Each structure stands twice: as C-alpha cells, then as structure tokens.
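> Mind folding the following:
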Amino acid sequence: MTIADTPGGAGGDVGVEPRRHAGPAAELTRRKKRSWAFLGLTPFAFYVLAFLALPTILALATGFFDTDGTITLGNIAALFDPVILNTFISSFWLSALTAVVGAIVGAVICYAMLGARPEGRLRQTIESASSVLAQFGGVMLAFAFISMMGAAGLVTVLLKSAIHFDIYAEGVWLYTVPGLILPYLYFQIPLMVIVFLPAMEGLKPQWAEANATLGGTRFTYWTRIAAPVLAPAFFEQLRDATSWPTKRSMRSRPLPQLLH
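Next up, the predicted model:
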C-alpha cells in the first residue's frame with residue numbers, strides 16, 4: 001500500500017507557513033515599548049517617595065539633631081521617659097486586649113450567622129452594618145462617642161433626666177484607657193465579621209461527615225480540621241486589629257488625648 005504525499009510535506013501540516021523572524025525595525029519598536037513600560041509605576045513611586053520614604057528619612061534625620069542643629073542623642077533618650085513609656089504600654093495593652101476580644105466575639109458571631117440563610121434579612125442586615133461600622137473610626141469615631149456618651153453627651157444627659165442614672169457617678173471613665181475599649185471594639189468586631197465569615201463559610205460539610213465516619217468527635221473536627229483551616233484568617237485579622245488602634249490614633253487627635 002502506498003501512502004500519498006500530502007501538500008504539507010512529510011510532516012503532514014497543511015497550510016502551515018514557516019515562522020518568520022522579526023526584522024530589525026520590529027525588534028527596535030518592541031525594545032522602545034519595553035523601555036517606556038516603567039512609566040506605569042510613576043504614580044505609585046511618587047506616592048512611596050512623598051508619603052513613605054521622605055517622612056521616614058526626615059524623621060530619622062531630625063531625630064539626631066536638636067533645635068540648634070547640633071547632633072544629640074537626647075531625643076532618643078527621651079523615649080525612656082516614664083510618661084512616654086507609660087503611653088506606649090497603654091497603647092500596647094489597649095491594642096492587644098481589644099484585638100483578642102474583638103476577634104473572639106466576631107468569630108462567635110460568624111459561627112452563629114452560619115445557621116442563617118445567606119439571602120435572609122437578618123444576615124444581610126448584619127453584613128451590611130458590619131461593612132459600614134468596620135470603616136467607622138478615627139476622628140469620626142471619637143466625636144461620635146464623645147457627643148453620645150461624653151460628660152455632656154446625649155445619652156448621658158437623657159439617662160440623668162429620665163431615670164436619674166449617672167453613668168459617670170464615680171468619674172468620667174470614657175476618657176481613660178479602659179474607656180477606650182468600647183470605642184475600639186465598636187469597629188473591630190464588625191471588621192472581624194466581614195473578614196472571618198468567608199473563611200468559616202469555606203468549611204465544607206463533607207469534612208465533618210468524613211470526620212464522623214472515621215470515628216472522630218466534634219472536638220477532633222474543630223482541633224484537627226477546622227482550626228488549621230481557620231487559623232490563617234483568624235491570626236491575620238488579629239494582627240491587623242492589633243495594629244489598627246495605633247494607625248487610627250495617629251490620624252485622630254482626640255483619641256491620643258484620651259490616653260493621657
């Protein structure tokens with residue numbers, strides 16, 4: 001039997017043209033395009049230089065000079081002043097406590113929301129409220145609590161006039177470090193809800209069924225299956241929540257004043 005020759009030659013590829021090499025002009029054009037591609041990073045580079053690199057350089061440079069321009073270590077030694085140390089300790093204590101409490105309470109709320117219908121009114125209301133409250137911080141948060149629960153706030157005055165109850169009978173606790181726990185939890189719990197809920201929804205029912213089929217208990221499921229899956233999202237949120245009080249207090253003048 002004889003095999004007929006195909007138009008494409010021995011390989012049998014019909015209509016396939018040989019690959020043409022780009023000429024010098026096309027290669028030069030591509031090189032020019034690549035050379036101008038870095039301009040796309042110009043806005044981001046300007047942001048990094050203007051708002052991150054330059055302030056950092058100025059802060060480090062001016063930290064070793066006094067008002068007369070003389071090199072000194074007095075500014076560094078001032079960091080060990082009892083007042084400054086107490087402020088740092090209070091900020092760390094506040095951040096750690098509110099982060100842990102907010103993460104735990106938010107995780108419990110997320111677990112309870114798993115039993116609600118995704119399209120139900122209850123769950124949609126909680127998710128919508130959490131999305132709004134998680135971004136409510138800084139100056140707005142401080143002003144809201146001072147105007148509502150301050151010494152002359154709306155809630156304080158109404159409670160005094162209506163039921164003769166003074167929430168500050170033993171002192172104005174809102175302007176102390178323990179009083180800041182409530183404002184920070186006000187946005188940290190909703191933040192945990194919107195971040196941790198998708199992670200909990202990722203737990204598949206088949207994993208619990210497989211655990212039960214293999215003789216595992218509920219404790220085994222949560223410690224060996226659910227906890228390793230949820231741990232990255234939980235600790236990531238815990239880390240972000242711990243750093244948020246410091247970031248927000250830097251943008252808000254009323255909040256640092258409450259620490260003193």
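> only C-alpha atoms for contact and neighbour calcs from this point on.
OK.
> And the helices in the chain?
Read by DSSP state H, the chain holds these helices, from start to end of the chain: 24-35, 42-48, 54-62, 74-77, 82-113, 121-133, 139-149, 154-163, 181-201, 205-213, 218-221, 227-251, 254-258.
> Next, find the distance separating Arg224 from Phe235.
From Arg224 across to Phe235, the span is 17 Å (C-alpha to C-alpha, to the nearest Å).
> hmm, back to that, just say which of the helices of the chain is most tucked in.
Across the helices of the chain, the average number of neighbours (mean count of other C-alpha atoms under 10 Å) peaks for helix 181-201, which reaches a mean of 21.
> Taking their axis directions, that one and helix 121-133 sit at what angle?
Orientation note: helix 181-201 sits at an angle of 130 degrees relative to helix 121-133 (axes from the mean of the first three to the mean of the last three C-alpha atoms, to 10 degrees).
> which residues touch helix 181-201?
Residues from elsewhere that reach helix 181-201, judged by C-alpha atoms under 8 Å, 6 or more residues apart in numbering: 94, 98-99, 101-103, 105-107, 109-111, 114, 127, 129-131, 133-137, 141-142, 145, 230, 233-234, 237, 241, 245.
> Next up, the contacts around Ala103.
Ala103 neighbours (C-alpha under 8 Å, 6+ apart): 188-189, 192, 234, 237-238.
> Tell me the one of the residues you listed nearest Gly74?
The shortest gap between Gly74 and any of these belongs to Leu238, at 35.4 Å (C-alpha to C-alpha).
> got a list of what the closest one touches?
Taking C-alpha under 8 Å, 6+ apart, we find Leu238 in contact with 99-100, 103.
> Relative to Pro228, how far out is it?
Distance from Leu238 to Pro228, counting by C-alpha to C-alpha: 15 Å.
> Pull the contacting residues for Ala59.
The contact partners of Ala59, taken as C-alpha under 8 Å, 6+ apart, number zero.
> for Ile76, that is, sorry about that
Contacts for Ile76 (C-alpha under 8 Å, 6+ apart) come out as 63-64.
> Can you add pLDDT and distance to Ala210 and give the contacts of Leu238 back as CSV?
Formatted as CSV, the entries for these read as follows, by pLDDT from 0 to 100; distance: C-alpha to C-alpha, whole Å:
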residue, pLDDT, distance to Ala210
Ala99, 88, 34
Val100, 89, 32
Ala103, 89, 29
